[in-house]
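K.L.:
sequence plus the predicted model coming up.
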Amino acid sequence: MTWLLAIFQTLLFVALAPLLAGWLKWCKCHLQNRQAPSLLQPYRELLKLTRKQPVVAEHASWIFTRAPYIIFSATVLAASIVPLIAVDLPTAAIADVIVLVGFFAFARFFLALAGLDIGTAFGGMGSSREMTISSLAEPAMLMAIFTLTMTASTTNLSFAIVHVLNEGLVLRPSFVFALFALMLVAIAETGRIPVDNPDTHLELTMIHEAMILEYSGRHLALIEWASQVKLMLYGVLIANIFFPWGIAQGFSIQALAYGLLAIIVKLALLAILLSISETLLAKMRLFRVQEYLSFAYLLGLLGMLSHIILEASR
Amino acid sequence: MNALNWTETLRQQLEEAGIVVDQQELTHSQPAVLWEISAKDWHPLAEVSMLQGLRWSAGWAEQNGEQFTVHALFEKQGIFLLVRTRIGCKKPELPSQASIYPAASRSERHTQDMFGIKFIGHPDKRPWTRHKAWDKHTHPLRKDFPAQGSPENITPPDMDYPFIRSHGAGTYEIPVGPVHAGIIEPGHFRFQAVGELILNLEERLGYVHKGIEKIAEGRTPQALARLAGRVSGDTTVSHSWAACMAMEQAAALSIPGRAALIRGILAERERVANHLGDIGAICNDVAFVFAQMQFTRVRENWLRTNASVFGHRLLMDCVIPGGVKSDISDSEGRLIKQDIIQLRKELTDIITALDLNSSLEDRVYTAGFLPEHIATAYGTVGYVGRASGQDFDVRRDLAYPPYDQVKFKVAVESQGDIASRFWIRYKEIMAALKLIEQFIDLLSPGEILNDWQVPVAGSEGLGIVEGWRGEIVTFLRFDADNKISRFYPRDPSILNWPVLEKLVLNNIVPDFPVCNKSLNGSYSGNDL
Amino acid sequence: MNIEQQDFYTQAILSMAALIGLASFLMLGQGRLLRLIFVFALQGLLLTLTAALSAYSLDNHHLYISAGLTLVLKVMFIPWMLRRQVLAMHMNRDVEALENKTLVMLGGASLMVFSYYVLHPIVQSSSTIMVNALAVSLSVVLLGMLLMISHRQAVAHVVGFMSIENGLFFAAIVATNGMPMVVELGIAFDVLVAAVLFGIFFFHIRTSIDSLDVDRLNRLNEIDQ
Amino acid sequence: MMTMILAYNAVLLSFASGLLALLSNQRAMLMALSQRYLTSDFHYPRCRKFLDRILEENRHASLHRRAVFVLLGLSGVFAVLAGLAVMMGQDSLTDQIGLGLPWLPWHVRFDGLSGFFYLIIGIGVIAVSLYGPAYVAFYQESQNPFAVLGLFTGLFVGGMLLVLLADDAFFFMIAWELMSVASYFLVAFQHEHSANRRAAFIYLLMAQVGALAIILSFGVLASFSDGFTFDALRQATLSPTWASIAFVLALLGFGMKAGIVPVHVWLPEAHPAAPSHISALMSGVMLKVAVYGLIRFCFDLLGELQWQWGVVLLVLGTVSAVGGILYAMMQPNLKRLLAYSSIENIGIIFMVLGLSMIFMANGHPQLAALGFLAALFHAFNHSLFKNLLFLGAGILQHQTHDLNIDTMGGLIQRMPQTSFLFLVGCMSISSLPLFNGFVSEWLAFQTALQVDVLDNGVLRSLIPVSAAALALTAALAAACFVKVFGMIFLGLPRSRNSEKAQEVKDKSMLYGPALLAGLCFFFGIFPNLIINLLNGVAKQLLGQSLPNDTALSWLWLAPVSANKVSYSPPMVLVGVLIAGGISFWYLRRNLETKTMRRAAAWDCGFGGLTPRMQYSCSAFTMPFRRIFARVWLIDERVDKEMQGAMDMEVKAVHYHLQVQDHSWPRLYQPITHGVNQLAKQVGRIQTGNIRVYLGYSFVTLILMLWVIS
């Protein structure tokens, strides 16, 4: 029963991701005085792509054609271990938060290889930038996560969330820092403004898009979907770790419905925040990203220090 | 130095160097001094002019029967000097000026491709406009080439074009274009880079070669004005103004004062619209969507006023030989002025918001730096030149009507980066708004169009106006029967494109789009 | 002594302390003057909130007055004045080139750690909140000094100076439940006078050496002449 | 005792393989021998025939090579068996060999720790001996005689095995020197290149300096005990200062061998100079022997651990890990890159050992066991994937005649099997989930995260920082190996050689890498097998092991406790297969769009792509070069030839980039300089005048007399 529920939660996660992307676009459009497409537009686009015949570059190897499936399944698996509407599901025990970072690294590894596979300048450019940014983001992210895991003394997300829930409302300075750090990292990792511009058409400035420039049809659909899931993953991480209230702790229908409602509201609010910042900020220069990420790292470090010194002093 | 003095000094120096100058009389109110020299002196002339600090502004050729006439236009302190020489049609050869003036390089390559005139001593042997659309021994601008051309089905890709190579481990090339991801004109950029660092950039333009010079031959003045308006779509007013100015000179025709004022209003409105769009586009290239949307919005409002007052959003075909096509009523004048007040208010708000946003500043400051000496060397004009300390503006320095009736300030900056090209556009918008108001105030009742007079065969005209991108030079010559025999429009982009190769150096690859946008050369105007 | 066992007031004050420290870091990382001033105002607002919270929780009414004073002075008046001056002297587009921002920031982080270790011995003799407040305020003071060292613009120096004062003020609110009214008024007055004096100085420096870059003041050195 | 015999057999077989190698090119002699002894009264015609076939002119060489490697492989098999046996048995066996000085027999001890490293060596040797016969066939006999290579390979392997068996300081040092000297000859094998000779010289020098430090550390220990057997040394009670001195000396000696920054400089020079299968053994296995030495010395012999040592190890390890991978990233030469990445991995092992030491010294033996386990597991994993990658590099070198990554490209089309095996190695070393590298790194993170139990504030803030550095290392490693795989195998070929490259003809060359790749994956999915073995080792050495509850079943990995952390690789594999399978099946069910259409890659409409238009090695790493600029000594120049008016037009661009290791000018050159200065000073004494020398002797004599009196 709990396994069924876990699978259901994963499917729900994957199914809701395009909706979040649609909502984000809707918010951005409205903030920029533009007409917004329907909330369901991302679904339509995915559907359209899956129906098209993929076109593959002549000398692309199996890496290129298999990478989308690998990326997608790694991302789905990552989604399966993050508590969305309920904690204590069996899938959460498969892997902890460090493995979660590992899944992202796995997907990124193949995405970067796929970018290099075609042998164009753009693909290589995208791969190089992506690997640079991610290798700086990873320490910052782990620093933020360590703060959490040390507080809860577990790296298992489900248990950590339960720990925060049981504690009740505690204002922790370390969480404030970790929250900011994780937000900065999330923006960098999901390729949003000011680190990357998901809507750009300028090949020379792209990061994520440059790697997938050659993809089409179902391959593109999988990658797009995976990146939507990834965006949602970070959203859920931030929402459920720092504001876990509302998540279902039992498996009654009522609690689950309540949990679903809670996460939708939280994600909607986060998306609004993100769309505001995307509207107000210009993309930064490529070689400012290390400053940005080292600031995130610094915040994570401060969070860690304030946890060690302020909160658990012996 | 007195304005006329330098031509005299130059002439003396040339005579000392043994160059015989044949000063010719100009046709009606031509804005330049006209000299003719012999072909062998073509290169020494450039040497002396360079020493005198003259700016090379334009170069073109024409075929008169069995002879080619080659022209070069120089400028200093607002005085233009047109030098010409004649060479025979058999084995046409001329010493190159491109070995003295960097700016002349592409123009001479263009002339070489189009006329088959060989420039001796040119540092660059490669073709420029030709690509592979016609073969090496065909020269489209010679009179024996049919005007309809000989179009092939598909022009093969120019794979063997010898781009400059970078040597050394780890360097690679980025080919960008001619098809770009956004909806912009075609052009190829070849980067030599190491990772993100740009080592060198080379432009390969000519993809929008439309044969404008050829299809102009045999047109009537009205048809030519229409054609000139399509040299570069965003500069339609200024190009047709320059063409009309040249034709009016050839025909010794003057236009009514009201028409001149309206032309001024049109040109300034064009300037404002384009600058608004450019500022928005720069913001878009750094993913600053808020500002882009705002600028797009105010530009749209501006264009709608264009449509309601002049009947065309982009003001095409409003300038016609002898005057202008549509008049401005008093109520429309008031509407325009109200519009300006509204725009000014909105712009102030948006600009304050921009000013406070350091994320935008961060992208544009110090990026895409064009040093003043390079801008001088290439004779860069317009906002690109003025952002790098080139204090030149045809409207002020040549003061053609209606600019002779008003006082205005030309903004100049010396910073030379994207930011200063950004802010100079903003300042030019503000100055243009003021000019429009002044022109409307100056409007007095009267005619807007004078009747066309057929010019004598062989009469020529030189129109020089300040388009929104900078100085536009148009040369034309009439045949018998009111027909055009040669039309050469020199878009400011021709002078500005080469400096893009310089200003991107030491920048990183992802900053190129915004560097390019801050320069915003016209592909169509360059390729002709 | 874990944080879960503290009352809500303590938690709130600690979180405020964290945010105020964060604001100091943000200031340290800012190259643009207008942003700097904005973050400074933000820090003032946080201080106001802290004072009000303190006043409410401890039922200490005169702290309301200092909250109000802070609000008026540090959130509104001084930022407004500085901003006006920056705009008036067209310094808003100056690019303040920090030598190595990342290094400065990491230096800031180590200062913060340093201040904790300096104050750690007091933990045995006093309450957590006291130690933390003191530690944060000390690091705010140190960061303010680092801000003055690392920035070249005179305006940044003023902001740095003011943020040092913010650090002291925070310590005063939290550690001593507010200083006597007279002292507080005196300090507020001092700050006001300082701000005005700086404002006048700017114009003098500006008119005499045509820049507010303090590195340019080196030229006034006699030895160089 | 059975185990002991297995262990001895492994050593003996390796020596035998070395000796057999000596017989290469001695066909004539063998013929003569067989003629003399076997002609007259030899009754077994089949045997006779067999011998004849062996000695046939054109087959003898290859058969002989095979025989040498078969012996070596058998040695490996015995090593694996012995290692497994002793670890299963969970006890330590001791023995004495009557070799060496008569009153000083060699003491032998074979326990879990030695057994584990036996396992590492065994697997490495098996893989190499599968790979070797085809590989060495490429060498020209006249220039690089096989006899030399085979002899020293045998001695080298034997030496390493003996180091593990040694139970007294003398024996240990003899075995250690055997290992070092044999490997010196292997490094110098391709001596026709002066760079290789130089590398070998530096290697020998450093090995000797290191050995000296080790001897000194044993000396310190021995001076507090009676005798040089390890048993005696264990009993020594040292004052903390002397213990620290011994520790520092041992760290210097073993660290030098292991390639810790900043004394790593010989490593990236020496490892690539040797033939690839030897590089694999040196990088994959020999470095582990150095780690073994350090563990043996610190955890076993020194007794009481001090937490400050742990901090030293932690800091050195962190610096080595981050520095190693950053240097690796900048190398255009594949084997140098791999050698630098070994420094990184050794750094990680040292880091975790440091953590273990800190926990041990602070009275948390269970956490110490966790760290110990993570370190050993990582050593094991590194030996697998580094061997794999070096063997792959050897294949690439032969097929493309080059090791420069910048001249390769597109090899996945022409060398599909090699590329797949290499990909497994890259994924493993980048510590991606499902592969073994990830498990050990995960364990390392788990160890670091237990820092909350410590009291010391400095440690509590230091350890998370180094954990973040570990994360940085892992991410940089991923970037580095994306570059490696992408540049070598993907895209378009960048040179004629890589355009013409073919898959290896002799498939036996792929067996070794295939075995290693299989193990990488297998232990990535079932790490518990190794962890259970290691648990025994930890128990033997630290007296503590992980709680052996259900959390350590084959399915789950929950080293701390089940409700704190867990990782289940088999479930992850199942999950990935399900998710990938469903999407694969679902998206390809439409017959019309099932097939893909091939078309030219997008070239912006210009007309065609050339290999020059793809990213290169130094282009890929350029952002890193700019961000971490201070880590290297970068000499970057752009020269432009100008032409045309006012020299404004560019004619050609020349780009020059040299990235150098800081330790050369900062550490080695001053030392060289100092030595030269000293030599000059000494030279001044050497006046050449006979009376001056007499004077020296006289003064010495007087002094001696004075001292004696």
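P.N.:
Everything's here; your move. What you see is a predicted model, and the numbers here were worked out from it, not measured in a lab. Residues are numbered from 1 along each chain as shown, chains lettered A, B, ... in the order given.

K.L.:
which non-adjacent residue is nearest the residue in the stretch 101-250 of chain B positioned nearest to chain C?
P.N.:
Using Cβ to the nearest Cβ, the closest approach of the stretch 101-250 of chain B to chain C is made by residue B:196 at 18.4 Å. Where you see a C-beta, it was placed from the backbone N, CA and C, and this is true even at glycine. With Cβ to Cβ, 6 or more residues apart in numbering or on different chains as the criterion, residue B:196 has its nearest non-adjacent residue at 4.2 Å, and that residue is residue B:508.

K.L.:
report how many residues lie close to the closest residue to chain C within the stretch 151-300 of chain A.
P.N.:
Closest residue of the stretch 151-300 of chain A to chain C, Cβ to the nearest Cβ: residue A:173 (3.2 Å). Residue A:173 is surrounded by 28 other residues when neighbours are defined as other Cβ atoms under 10 Å in any protein chain shown.

K.L.:
and for residue B:376?
P.N.:
Here the number of neighbours of residue B:376 (other Cβ under 10 Å) works out to 16.

K.L.:
quick check: closest non-adjacent residue to residue 193.
P.N.:
Picking chain A for this. For residue A:193, the spatially nearest residue (Cβ to Cβ, 6+ apart) is residue A:278, at 4.4 Å.

K.L.:
look at chain D instead
P.N.:
Of all residues not flanking residue D:193 in the chain, residue D:273 sits nearest, at 7.8 Å (Cβ to Cβ, 6+ apart).

K.L.:
that neighbour and residue D:545, how far apart?
P.N.:
Shown here: residue D:273 relative to residue D:545, a distance of 41 Å by Cβ to Cβ, to the nearest Å.

K.L.:
wait, residue B:433 touches residue B:342, no?
P.N.:
No: counting by Cβ atoms under 8 Å, no contact exists between residue B:433 and residue B:342, whose distance comes to 10.7 Å.

K.L.:
the two: which is more packed in?
P.N.:
When residue B:433 and residue B:342 are compared on other Cβ under 10 Å, the one with more neighbours turns out to be residue B:433, at 21 against 14.

K.L.:
ok, the more buried one - contacts?
P.N.:
When contacts are counted by Cβ atoms under 8 Å, 6 or more residues apart in numbering or on different chains, residue B:433 is found next to B:268, B:272, B:340, B:343-344.

K.L.:
where along the chain do the helices fall?
P.N.:
Looking at chain A here, since you left the chain open. Secondary structure of chain A, counting by DSSP state H: helices at A:2-31, A:41-50, A:62-81, A:97-117, A:121-152, A:157-167, A:173-189, A:208-211, A:217-242, A:253-280, A:289-306.

K.L.:
that's the other chain; I wanted chain C
P.N.:
Using DSSP H, the helices of chain C run over residues C:8-29, C:33-58, C:62-70, C:78-88, C:101-119, C:128-150, C:154-176, C:181-209.

K.L.:
these: which one's closest to chain A?
P.N.:
Taking Cβ to the nearest Cβ as the criterion, helix C:8-29 is the member of the helices of chain C that comes nearest to chain A, at 3.2 Å.

K.L.:
now check that closest one, is it near chain B?
P.N.:
No: interface with chain B: helix C:8-29 contributes nothing (Cβ under 8 Å from any Cβ of the partner chain), its closest point being 11.2 Å away.

K.L.:
where does the prediction get shaky in the chain?
P.N.:
Assuming you mean chain A. Along chain A, the model assigns pLDDT under 70 to residues A:309-314.

K.L.:
sorry, I should have been clearer: chain D.
P.N.:
D:25-27, D:37-48, D:50-58, D:100-101, D:547-555, D:561-565, D:686-688, D:690, D:708-709.

K.L.:
report the buried residues of the lengthiest helix in it.
P.N.:
Using DSSP H to assign secondary structure, the helix with the most residues in chain D is helix D:365-400. For helix D:365-400, a neighbour-count test (16 or more other Cβ atoms under 10 Å in any protein chain shown) marks D:365-400 as buried.

K.L.:
just to revisit the earlier point, need the helices of chain A in a markdown table (columns: distance to residue B:39).
P.N.:
Output for these, formatted as a markdown table (distance: least, Cβ to Cβ, whole Å):
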| stretch | distance to residue B:39 |
| --- | --- |
| helix A:2-31 | 63 |
| helix A:41-50 | 64 |
| helix A:62-81 | 60 |
| helix A:97-117 | 56 |
| helix A:121-152 | 45 |
| helix A:157-167 | 83 |
| helix A:173-189 | 63 |
| helix A:208-211 | 52 |
| helix A:217-242 | 61 |
| helix A:253-280 | 62 |
| helix A:289-306 | 58 |
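
K.L.:
contact partners for residue A:301?
P.N.:
Contact analysis of residue A:301 by Cβ under 8 Å, 6+ apart lists A:143, C:109, D:465, D:468.

K.L.:
residue D:207 versus the residue in chain C that chain B sits nearest to, what's the distance?
P.N.:
Chain B sits closest to residue C:32 of chain C, with a gap of 3.9 Å, by Cβ to the nearest Cβ. Counting by Cβ to Cβ, the separation of residue C:32 from residue D:207 is 56 Å.

K.L.:
which residues touch the closest residue to chain C within the stretch 1-150 of chain A?
P.N.:
Chain C sits closest to residue A:136 of the stretch 1-150 of chain A, with a gap of 10.8 Å, by Cβ to the nearest Cβ. With contacts defined as Cβ under 8 Å, 6+ apart, residue A:136 is in contact with A:289-290, A:293-294, A:297, D:472, D:475, D:627.

K.L.:
for those, which single residue is the most surrounded?
P.N.:
For the contacts of residue A:136, counting by other Cβ under 10 Å, the largest number of neighbours falls to residue A:297: 30 neighbours.

K.L.:
number of residues surrounding the closest residue to that one other than its chain neighbours?
P.N.:
Counting by Cβ to Cβ, 6+ apart, the nearest residue to residue A:297 once its immediate chain neighbours are dropped is residue A:140, at 4.0 Å. Residue A:140 sits with 28 neighbouring residues when counted by other Cβ under 10 Å.

K.L.:
which element is residue B:201 on?
P.N.:
strand B:197-204 (DSSP states H and E).

K.L.:
anything in the helix or strand hosting residue D:481 near chain A?
P.N.:
Under the criterion DSSP H and E, the helix or strand holding residue D:481 is helix D:457-489. Yes: using Cβ under 8 Å from any Cβ as the criterion, contacts between helix D:457-489 and chain A involve D:457, D:460-461, D:464-465, D:467-469, D:471-472, D:474-476, D:478-479, D:482-483, D:485-487, D:489.

K.L.:
specify the beta-bridge partners of residue B:32.
P.N.:
The bridge-partner assignment for residue B:32, based on DSSP bridges, gives residue B:80.

K.L.:
now do it against chain D, distance only.
P.N.:
In this structure, residue B:32 and chain D are 23 Å apart, going by Cβ to the nearest Cβ, to the nearest Å.

K.L.:
count of neighbours near that residue?
P.N.:
19.

K.L.:
so it touches residue B:463, yeah?
P.N.:
No: under the contact definition of Cβ under 8 Å, residue B:32 does not touch residue B:463, with a separation of 10.7 Å.

K.L.:
any idea which residue sits dead centre in chain D?
P.N.:
residue D:283 (2.2 Å; Cα atoms, centre = their mean).

K.L.:
my guess is that residue contacts residue D:388. True?
P.N.:
No: judged on Cβ under 8 Å, residue D:283 makes no contact with residue D:388 at a distance of 11.1 Å.
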